[in-house]
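**Q** Below are the sequence and a predicted model for it; my questions follow.
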Amino acid sequence: MAHILIVDDSPTEIHVIKSILEKTGHEVSFATNGEEGVSKTKEIMPDLVLMDVVMPGLNGFQATRELSKTPETAEIPVIIVTTKDQESDRVWGLRQGAKEYVTKPVEEAELMAKVSALIG
(Lines give C-alpha, C1' and ligand atoms only; values in the text may rest on other atoms or scores of the structure.)
Protein backbone atom coordinates (compact mmCIF):
# COMPACT_ATOMS: atom_id res chain seq x y z
CA MET A 1 0.00 0.00 0.00
CA ALA A 2 0.94 3.66 0.03
CA HIS A 3 3.11 5.64 2.42
CA ILE A 4 1.10 8.63 3.71
CA LEU A 5 2.39 11.57 5.76
CA ILE A 6 -0.04 13.23 8.18
CA VAL A 7 0.85 16.82 9.10
CA ASP A 8 -1.24 17.96 12.08
CA ASP A 9 -0.51 19.56 15.47
CA SER A 10 -3.29 17.60 17.21
CA PRO A 11 -2.26 14.19 18.63
CA THR A 12 -5.95 13.22 18.65
CA GLU A 13 -6.42 13.99 14.94
CA ILE A 14 -3.19 12.16 14.07
CA HIS A 15 -4.43 9.10 16.00
CA VAL A 16 -7.87 9.13 14.35
CA ILE A 17 -6.55 9.56 10.80
CA LYS A 18 -3.66 7.12 11.34
CA SER A 19 -6.15 4.46 12.53
CA ILE A 20 -8.29 4.90 9.41
CA LEU A 21 -5.29 4.66 7.09
CA GLU A 22 -3.58 1.73 8.83
CA LYS A 23 -6.85 -0.23 8.84
CA THR A 24 -6.69 -0.17 5.03
CA GLY A 25 -3.04 -1.22 4.96
CA HIS A 26 -1.28 2.10 4.42
CA GLU A 27 2.07 2.96 6.01
CA VAL A 28 1.76 6.18 8.03
CA SER A 29 4.28 8.79 9.19
CA PHE A 30 3.45 12.09 10.84
CA ALA A 31 4.75 15.59 11.46
CA THR A 32 3.38 18.04 14.04
CA ASN A 33 3.82 21.36 12.22
CA GLY A 34 4.24 22.86 8.75
CA GLU A 35 8.04 23.16 8.81
CA GLU A 36 8.45 19.55 9.96
CA GLY A 37 5.89 18.48 7.35
CA VAL A 38 7.85 20.07 4.52
CA SER A 39 11.20 18.65 5.66
CA LYS A 40 9.74 15.17 6.32
CA THR A 41 8.10 15.16 2.89
CA LYS A 42 11.48 15.86 1.27
CA GLU A 43 13.13 13.21 3.46
CA ILE A 44 10.70 10.28 3.06
CA MET A 45 8.99 11.21 -0.25
CA PRO A 46 5.56 9.81 0.73
CA ASP A 47 2.92 8.88 -1.85
CA LEU A 48 0.48 11.40 -0.32
CA VAL A 49 0.39 14.17 2.31
CA LEU A 50 -2.62 14.94 4.54
CA MET A 51 -2.16 18.56 5.66
CA ASP A 52 -3.89 20.41 8.49
CA VAL A 53 -4.16 24.19 8.05
CA VAL A 54 -4.19 25.76 11.52
CA MET A 55 -0.76 25.04 13.03
CA PRO A 56 1.88 27.16 14.78
CA GLY A 57 4.64 28.57 12.56
CA LEU A 58 4.22 27.61 8.91
CA ASN A 59 0.50 26.96 8.39
CA GLY A 60 -0.89 24.26 6.12
CA PHE A 61 -1.62 26.63 3.23
CA GLN A 62 1.99 27.88 3.29
CA ALA A 63 3.41 24.36 3.61
CA THR A 64 1.21 23.10 0.76
CA ARG A 65 2.35 25.99 -1.45
CA GLU A 66 5.99 25.24 -0.66
CA LEU A 67 5.58 21.53 -1.49
CA SER A 68 3.72 22.23 -4.73
CA LYS A 69 6.30 24.81 -5.89
CA THR A 70 9.37 22.68 -5.07
CA PRO A 71 10.30 20.49 -8.08
CA GLU A 72 11.27 17.43 -6.00
CA THR A 73 7.92 17.37 -4.12
CA ALA A 74 5.57 18.94 -6.69
CA GLU A 75 4.25 15.55 -7.86
CA ILE A 76 3.27 14.42 -4.33
CA PRO A 77 -0.48 15.03 -3.93
CA VAL A 78 -1.65 16.99 -0.87
CA ILE A 79 -5.10 16.68 0.69
CA ILE A 80 -5.90 19.51 3.08
CA VAL A 81 -7.70 18.17 6.18
CA THR A 82 -8.98 21.05 8.31
CA THR A 83 -11.75 22.55 10.43
CA LYS A 84 -11.78 25.57 8.07
CA ASP A 85 -15.02 24.87 6.22
CA GLN A 86 -15.66 28.07 4.27
CA GLU A 87 -15.79 27.86 0.47
CA SER A 88 -13.13 30.61 0.30
CA ASP A 89 -10.78 28.44 2.41
CA ARG A 90 -11.36 25.47 0.09
CA VAL A 91 -10.69 27.56 -3.01
CA TRP A 92 -7.55 29.07 -1.42
CA GLY A 93 -6.27 25.62 -0.39
CA LEU A 94 -6.70 24.23 -3.89
CA ARG A 95 -5.02 27.35 -5.29
CA GLN A 96 -1.98 26.62 -3.08
CA GLY A 97 -1.58 23.28 -4.83
CA ALA A 98 -3.75 20.88 -2.82
CA LYS A 99 -5.51 18.22 -4.90
CA GLU A 100 -8.40 17.74 -2.46
CA TYR A 101 -9.94 19.40 0.59
CA VAL A 102 -11.59 17.54 3.49
CA THR A 103 -13.17 19.16 6.54
CA LYS A 104 -12.95 17.83 10.10
CA PRO A 105 -14.34 15.87 11.73
CA VAL A 106 -13.09 13.48 9.06
CA GLU A 107 -15.57 11.01 7.65
CA GLU A 108 -13.77 7.76 6.95
CA ALA A 109 -15.60 7.01 3.68
CA GLU A 110 -14.96 10.50 2.26
CA LEU A 111 -11.29 10.49 3.24
CA MET A 112 -10.64 7.01 1.86
CA ALA A 113 -12.44 7.82 -1.41
CA LYS A 114 -10.21 10.87 -1.93
CA VAL A 115 -7.06 9.02 -0.90
CA SER A 116 -7.88 6.16 -3.29
CA ALA A 117 -8.67 8.55 -6.14
CA LEU A 118 -5.26 10.20 -5.80
CA ILE A 119 -3.02 7.19 -5.21
CA GLY A 120 -5.04 4.38 -6.73
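**A** That came through fine. Note that the structure is predicted; figures quoted are calculated from it, not measured.
**Q** show me what contacts the residue sitting nearest the centre point of the chain?
**A** Nearest to the geometric centre of the chain sits residue 50, at 1.4 Å (C-alpha atoms, centre = their mean). By C-beta atoms under 8 Å, 6 or more residues apart in numbering, the residues touching residue 50 are 4-8, 17, 78-79, 81. From N, CA and C alone the C-beta is placed, and that goes for glycine too.
**Q** mind listing which of those residues are in strands?
**A** Judged by DSSP state E, the contacts of residue 50 include 4-7, 78-79, 81 as members of strands.
**Q** can you tell me how far residue 42 sits from residue 49?
**A** 11 Å (C-beta to C-beta, to the nearest Å).
**Q** before we move on, back to that, pLDDT added to the ones in strands among the contacts of residue 50, as CSV?
**A** Listed next are those as CSV, based on pLDDT from 0 to 100:
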residue, pLDDT
4, 98
5, 98
6, 98
7, 98
78, 98
79, 98
81, 98
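**Q** Which one (most neighbours) among the residues you listed?
**A** residue 7 (31 neighbours; other C-beta atoms under 10 Å).
**Q** wait, it sits on residue 54?
**A** No: between residue 7 and residue 54 there is no contact under C-beta atoms under 8 Å: 11.6 Å.
**Q** Please enumerate the shared neighbours of the two.
**A** Joint contacts of residue 7 and residue 54 (C-beta under 8 Å, 6+ apart) are residue 60.
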